[in-house]
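1. What shape does this take:
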Amino acid sequence: MRRIYLKSNKGVGLIELAITMVIFLVLIGMLYAAMNSNRVTVNEGQDMIKLQQETRKVIDRITRELTASRSALVTIPITNDSVTFQMPVDWDSDGDAVDASGLVEWGAEGNLSWTIRYFLGGLNNQQILRRVFNASGVQQGADTVVANDINLFQVTRQPAQPNRILINLTAQKNTLDQRVINFNSGEQILLRN
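-> Predicted coordinates:
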C-alpha cells in the first residue's frame with residue numbers, strides 16, 4: 001500500500017492576515033458604535049430626568065407658598081419674569097395666622113409685611129431663586145436656590161381671572177455629545193380670594 005501525502009501550506013499568508021484584521025476591525029468598530037450609542041441614550045435619559053426634577057421642585061415650592069396668598073397680595077411685573085407675594089404668618093405667635101381683631105397676618109418668614117420673590121437669576125442666569133424682603137424692601141438673608149438649569153421662568157395672570165396664576169418653565173441642559181435637550185413644564189395655581 002502506498003500512501004499519498006498532500007503538501008499543505010501551514011503558514012498564513014499576508015492576504016489572509018489582512019482580511020482577518022479588516023473583519024476584526026469592522027466588528028470592533030460596530031461594537032464600539034453600539035456601546036457609544038447606548039451610553040449617549042442613557043446619559044440623555046438621565047439628563048431629562050434631572051430637568052424634570054428641577055422643574056417639579058420649582059412648581060411644587062411656588063405652588064405650596066403661592067396658594068396660601070391672596071390675589072391682591074401677588075405682584076407680577078410687566079416682564080412676567082418674577083412673582084412677589086405675601087402669605088399668612090403667625091406673627092404674634094398665638095398658634096394661628098389671625099390677629100386679635102380676626103384679620104389675617106400677612107407677611108413672610110414669620111414677619112408682618114415681609115415679602116417673598118421668585119425669579120430667574122444666579123449662576124449663568126439659570127437658577128430659580130427665592131428672595132425675602134423686609135417691610136422696607138431690604139433683602140433679608142441670602143437667596144435660596146430652588147432649582148438649576150432653568151432658562152425660562154414666566155409668570156402670568158389672566159385679567160379675567162386674577163386669582164389664577166400661570167407658571168411656565170423651560171429647563172435646558174447640554175448632553176455629553178453637546179446636544180441641547182429641553183423640558184417644558186407649566187402649572188396653573190389658584191389663589192385664595
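
2. What segments of the chain are strands?
-> Assignment of strands within the chain using DSSP state E yields the ranges 82-85, 87-88, 106-108, 111-112, 115-121, 127-133, 144-148, 150-158, 161-174, 180-190.

3. What sits closest to the most centrally placed residue in the chain if chain neighbours are left out?
-> Nearest to the geometric centre of the chain sits residue 54, at 2.6 Å (C-alpha atoms, centre = their mean). Spatially, and ignoring its direct neighbours in sequence, residue 54 is nearest to residue 147 (4.3 Å; C-beta to C-beta, 6 or more residues apart in numbering). All C-beta spots, glycine's among them, are computed from the backbone N, C-alpha and C.

4. what about stretch 116-126, start to end distance?
-> 19 Å (C-alpha to C-alpha, to the nearest Å).

5. What residues sit buried inside that stretch?
-> Of all the residues in stretch 116-126, those buried under the rule 16 or more other C-beta atoms under 10 Å are 116-122, 126.

6. again, but for stretch 130-147
-> In stretch 130-147, counting by 16+ other C-beta under 10 Å, buried: 130-134, 143, 146-147.

7. Could you tell me how far it lies from the centre of the chain?
-> Put simply, stretch 130-147 sits 21 Å off its chain's centre (C-alpha atoms, centre = their mean, to the nearest Å).
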